[in-house]
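>>> Pasting the sequence and the predicted coordinates here, then a few questions.
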Amino acid sequence: MSALAAQIGAAAVLLAAGLQPPGSAPAMQSARGFLACNGIVARIDEPSTGIRGLYGAPDRRLPRVGEIPASRAGRLGREPTSFPVYGGSDGWLLLSKDGDPGPERWVIGLGVSTGVSASVGRLAARAASLPVIRTRDGSRLDRHAELLDIVTCDGDWILGRWRIDEPAALLYPRLFPIWQDPDIVEFWTPACNRNVPGCDAPRLPRRGPRNPHPYDAEEFE
């Protein structure tokens, strides 16, 4: 099969699945600039007993205004720290809302995740947006990939950075990943309420390295 025929065949498969081939779809909704979200319940998903710094603005050069533990003591040992998120901007998450006393509280979204029960990832934070990744059998995305970081949020949606663990179970454009071996991809999904049974899929051990991060951040502070 010629290279052109292979590309045409791959494009046909993506179109049949409702996905857009590389180069034909609009750009991903930007993470730059402030976006408000609706108190999405997120968690620090790193196995750490350390702390994460809180800042008065999305800028690590500023003095800290507080700290948040990466995990807390729970009934079954150390448990990830959970918190509501009210806004996002280019890799940072806002943990305070209008009317809260004191300065704003921002944390880097590195290693922060939330519940996602969707089977489709999209280009923008709306259900009518073009899909860019989906599971082949309609199962949840988080059964075949791991949400590594929340880049930003918009309403009840998150822009997540995911590591693909089972590529054969997913349909997405070949040139879509921002990093490869393993594939790392970014897309929008609605977040689900982690307090509702069934929101989180069973956790799987990490099966690959973390990805490089495009914003200035340290894995642990």
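Thanks, I have it.
>>> Could you list the low-pLDDT ranges of this structure?
1-26, 46-49, 76-77, 194-195, 198, 200-221 (pLDDT under 70).
>>> in it, which residue is closest to the centre?
Nearest to the geometric centre of the chain sits Gly160, at 1.7 Å (CA atoms, centre = their mean).
>>> Secondary structure element for that residue, which one?
Using DSSP states H and E, Gly160 maps to strand 157-164.
>>> Quick check: neighbours of that strand in the sheet, parallel or antiparallel?
Using DSSP bridges, the strands paired with strand 157-164 are strand 145-154 (antiparallel), strand 184-190 (antiparallel).
>>> one step back: let me see the contact set for the residue nearest to the centre of the chain.
Going by CB atoms under 8 Å, 6 or more residues apart in numbering, Gly160 touches 113, 116, 121, 147-151, 186-189. For every residue, glycine as well, the C-beta is placed using N, CA and C.
>>> And stretch 57-66, how far out from the chain middle?
Centroid separation between stretch 57-66 and its chain, computed with CA atoms, centre = their mean, to the nearest Å, is 22 Å.
>>> before we move on, the earlier item: and the strand holding Gly160, how far out from the chain middle?
Centroid separation between strand 157-164 and its chain, computed with CA atoms, centre = their mean, is 3 Å.
>>> swap in stretch 37-54?
With CA atoms, centre = their mean, you get 13 Å for stretch 37-54.
>>> same question, stretch 170-181
Relative to the chain's own centre, stretch 170-181 is displaced by 15 Å; criterion: CA atoms, centre = their mean.
>>> same thing with stretch 89-104?
Relative to its parent chain, stretch 89-104 has a centroid offset of 19 Å by CA atoms, centre = their mean.
>>> Quick check: bridge partners of Ile133?
Beta-bridge partners for Ile133, by DSSP bridges, are Gly121.
>>> okay, now it: neighbour count?
Counted with other CB atoms under 10 Å, residues neighbouring Ile133 total 25.
>>> is it true that it touches Ser119?
No: between Ile133 and Ser119 there is no contact under CB atoms under 8 Å: 9.5 Å.
>>> Pull up the overlap in contacts between those two.
By the contact definition CB under 8 Å, 6+ apart, Ile133 and Ser119 are jointly contacted by Leu141.
>>> Which secondary structure state does Arg174 sit in?
Following DSSP: H, G, I helix; E, B strand; the rest coil, Arg174 is assigned to coil.
>>> Okay, it and Gly50: tell me how far apart.
Counting by CB to CB, to the nearest Å, the gap from Arg174 to Gly50 is 38 Å.
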